[in-house]
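S.K.: Structure here, sequence nowhere to be found:
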């Protein structure tokens, strides 16, 4: 996929100030790019900064440092009106379909809201037609226009959220754990839908999740985050076939496989302990406190994020 | 797979319903299963299928008065629980059985030390003095892998991470030396690297104490790792039970098959994903026939009108589907050719 990047971030940082002496480094020095039409999966455990990364790119959080380029344009250099218009091309799907839809709004109001804000229709008839069309695209009945969110199941609500994100014909969508609040069979439906929409509309997508198996299904490339850092980035196939970072290896080996024979024979890399606090992260490599292959250099030097093979990046002292 | 064949718990034709503003919900509609000593019995299904309500009924935790066991029997070591006196129940459900809940953040009281929460059970059930209880609690904390147990006893829940809290909840469940533990989605709230740690811990505890376990989960990977036998629930009924191998390699019910196809496996190429279209039925008005027939690719006319009987498909393998009926032989043959 040799296309020019639609989104490029360089050394992106997002720190939260807890109080005067404590800083939480939620996203620390993350660089990556997403080409037009591709899906990039971002995985990691809770607290690794994956959602913050998505929200910072989206502009929901003010970044602490670094650079975000959309379509070759530096977001910082945009005028306010340009930045406002940027959101026609960049939209977000949220995790919890129960919390992200206003319970007092009807489906028509919810899906039309982005269009209301950006005034993309001529009259109310066009507005209604557009919403009906969107509902159909996400697999909902046209007649649902006047219903309220509580009348829908989780999967249907997530479809409403998707219709809302698509209302402005965006080019780029950040999906923040769009399926983790849903049941297994419904998860597959929603992922199917996202994949279909992506193909039809040529969307570029960043798919943030903690569930590596669904991410594998939808993504072309996958980035793994740990404690605010991007530790590995490669094609989806390579990541599962030959993970390089010890954390990726442990993460993959921790996922139970729904096959009893394989489970019985499996040798696991068990990680000791739990995620350290991002307020006071370990020096050097952030993973060193749980890493089975820890060496002396790991506590002294921050491993550089380097390209080991074509398109396969890793930040680890074992691979240089 | 089972170590002893005697039955610890027998549930027969259990029906549970709830009265709500919207009417009566028939959450569990005739569930039967039994648990043998020392085994792990997994109950899988999607939210709203009745798997949690079934376990609450066994533990006597159905909220009253709007929830009610309307029919069926629950026998623990041969003793009927649905008609037992509250006193007898407290003994059985407090000592011989215990429960592990999904969310370790809310299962512990934030205002009490770990020590007082751990020893509460023993003291309340008069199984020992305060001193004995304290000793026992320390022993349990060590068993679930917490270091410095002596100091930990004086700490409060907020001082522990999610994984450690779940270990404490497990220690609490073990302290009265139960014969049966019911774990309701014990690892769903945890990250995968912590989930493995907890699942390994269960394995260790079962080997050490021989406690039987009902594991309620929606994660088929967890089932493949832990279970001896499995029940698949759908819309308040068990649609298929069998050994782990029966369910994963010889699934007979279309829902079980569909469920196995609706998940992505990290070890296989991912082009096999097939979502189940549609949604489970509304249990305010349960369907007349098979609850899955609306979504079933093989549904016949009889499926819509009459509930399928449970048919044996092997020694421990039972399936509630009309396809397993003798009279469906010709149709089954046609489907297999297709």
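M.R.: Looks like it arrived, so ask away. This structure is a prediction, so every number in the text was calculated from the model and none was measured.

S.K.: which parts of the stretch 1-150 of chain B sit against chain A?
M.R.: B:46-47 (Cβ under 8 Å from any Cβ of the partner chain). To be clear about C-beta, it is placed using only N, CA and C from the backbone, and glycine gets the same treatment.

S.K.: Shouldn't residue A:192 be within a strand?
M.R.: No. Judged by DSSP: H, G, I helix; E, B strand; the rest coil, residue A:192 forms no part of a strand; its state is helix.

S.K.: ok, and the closest non-adjacent residue to it?
M.R.: In space, and not counting its chain neighbours, residue A:192 is closest to residue B:275: 5.2 Å by Cβ to Cβ, 6 or more residues apart in numbering or on different chains.

S.K.: So that neighbour: helix, strand or coil?
M.R.: coil.

S.K.: contacting residues for the residue of the stretch 201-338 of chain B found nearest chain A?
M.R.: Closest contact between the stretch 201-338 of chain B and chain A, by Cβ to the nearest Cβ, is at residue B:221 (3.1 Å). Contact partners of residue B:221, counting by Cβ atoms under 8 Å, 6 or more residues apart in numbering or on different chains, are A:255-258, A:263, B:263.

S.K.: Can you tell me the closest non-neighbouring residue to it?
M.R.: In this structure, residue B:221 finds its nearest non-sequential neighbour in residue A:256, 3.1 Å apart by Cβ to Cβ, 6+ apart.

S.K.: circling back to that earlier point, which one of the contacts of residue B:221 is nearest residue A:192?
M.R.: Closest to residue A:192 out of the contacts of residue B:221 is residue B:263 (12.8 Å), distances taken as Cβ to Cβ.

S.K.: Give me the local confidence score for the residue nearest to residue A:192.
M.R.: Looking at residue B:275, its pLDDT is 84.

S.K.: Does it touch residue A:196 like I think?
M.R.: No. Using Cβ atoms under 8 Å, residue B:275 is not in contact with residue A:196; the gap is 11.2 Å.

S.K.: Helices of chain A, start to end?
M.R.: A:50-58, A:80-89, A:107-118, A:124-137, A:154-166, A:184-201, A:212-218, A:236-241, A:246-254, A:260-265, A:297-300 (DSSP state H).

S.K.: any chance of the ones you listed in a markdown table, with mean neighbour count and distance to residue B:321 too?
M.R.: Compiled in a markdown table, the helices of chain A are given as follows (neighbours: other Cβ atoms under 10 Å in any protein chain shown; distance: least, Cβ to Cβ, whole Å):
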| stretch | mean neighbour count | distance to residue B:321 |
| --- | --- | --- |
| helix A:50-58 | 24 | 41 |
| helix A:80-89 | 13 | 50 |
| helix A:107-118 | 19 | 37 |
| helix A:124-137 | 16 | 34 |
| helix A:154-166 | 24 | 25 |
| helix A:184-201 | 20 | 18 |
| helix A:212-218 | 24 | 28 |
| helix A:236-241 | 18 | 35 |
| helix A:246-254 | 22 | 35 |
| helix A:260-265 | 14 | 22 |
| helix A:297-300 | 15 | 56 |
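
S.K.: And those helices: which comes nearest residue B:95?
M.R.: The nearest among those, by Cβ to Cβ, is helix A:260-265 at 32.9 Å.

S.K.: Residues contacting the closest one, please?
M.R.: A:256-257, B:221, B:224-225, B:244-245, B:248-249, B:267.

S.K.: Just give me how far it sits from the chain centre.
M.R.: Its chain's C-alpha centre and that of helix A:260-265 lie 31 Å apart, by Cα atoms, centre = their mean, to the nearest Å.

S.K.: same question, stretch B:91-102
M.R.: The answer for stretch B:91-102 is 13 Å, by Cα atoms, centre = their mean.

S.K.: Show the end-to-end separation of it, please.
M.R.: 24 Å (Cα to Cα, to the nearest Å).

S.K.: What pLDDT is listed against residue 265?
M.R.: By default, I'm working from chain A. 90.

S.K.: wrong one, chain B
M.R.: At residue B:265, pLDDT is 85.

S.K.: Name the spans of chain B whose pLDDT lies under the cut-off.
M.R.: B:1-5, B:270, B:330-338 (pLDDT under 70).

S.K.: Which residue, other than its chain neighbours, is closest to the closest residue to chain B within the stretch 101-250 of chain A?
M.R.: Per Cβ to the nearest Cβ, residue A:188 is where the stretch 101-250 of chain A lies closest to chain B, at 3.5 Å. Distances taken as Cβ to Cβ, 6+ apart place residue B:275 nearest to residue A:188, at 3.5 Å, with adjacent residues excluded.

S.K.: Please tell me how far that neighbour sits from residue B:258.
M.R.: 9 Å (Cβ to Cβ, to the nearest Å).

S.K.: which residues are in contact with both of the two?
M.R.: residue A:185.

S.K.: which residues touch the closest residue to chain A within the stretch 51-200 of chain B?
M.R.: Closest residue of the stretch 51-200 of chain B to chain A, Cβ to the nearest Cβ: residue B:191 (3.9 Å). By Cβ under 8 Å, 6+ apart, the residues touching residue B:191 are A:45-46, A:210, A:275, B:162-163.
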